[in-house]
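*Asks:* any chance you can model this:
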Amino acid sequence: MSKFAICIYAGEDVLLTARKIYQVLPDEKAERSDYIRIIDDEGEDYLYPKKYFVFAPFPQEVEKSLLQTL
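*Replies:* Numbers count the residues shown, from 1 in each chain. From the prediction side, this is the model:
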């Protein structure tokens with residue numbers, strides 16, 4: 001799975017921003033339930049449904065840059 005995902009849903013009840021790139025943390029148990037662990041807009045890791053995101057594979061240089069800015 002990609003280390004990053006782009007949010008495609010940001011309802012009032014979630015701490016996400018549509019079209020923003022989020023870091024995905026490994027969580028095998030969550031993935032089995034169609035959830036992923038994301039660092040949200042408050043800087044906390046939280047489980048969100050996979051359907052809220054599209055996964056984006058980026059070149060290694062871009063991932064390195066994203067990790068420095070997120």
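
*Asks:* and the most far-flung residue of the chain relative to its centre, its phi and psi?
*Replies:* Relative to the centre of the chain, the most outlying C-alpha is that of Glu61, 18.3 Å out, by CA atoms, centre = their mean. Dihedral angles of Glu61 (phi, psi; degrees, to the nearest 10) stand at phi -60, psi -40.

*Asks:* do Ala18 as well
*Replies:* Dihedral angles for Ala18 - degrees, to the nearest 10 - are phi -60, psi 140.

*Asks:* tell me which element the residue most central in space within the chain is part of?
*Replies:* The residue lying closest to the centre of the chain (CA atoms, centre = their mean) is Tyr22, at 3.7 Å. If you go by DSSP states H and E, Tyr22 is part of strand 21-25.

*Asks:* and the next helix or strand past that strand?
*Replies:* helix 28-32.

*Asks:* mind listing what's buried in that following helix?
*Replies:* Ala30 (16 or more other CB atoms under 10 Å). (C-beta placed from N, C-alpha, C; glycine too.)

*Asks:* surely Ile38 touches Val24?
*Replies:* Yes - using CB atoms under 8 Å, Ile38 is in contact with Val24, at 6.2 Å.

*Asks:* quick check on those two: which one has the bigger neighbour count.
*Replies:* Ile38 (25 against 21; other CB atoms under 10 Å).
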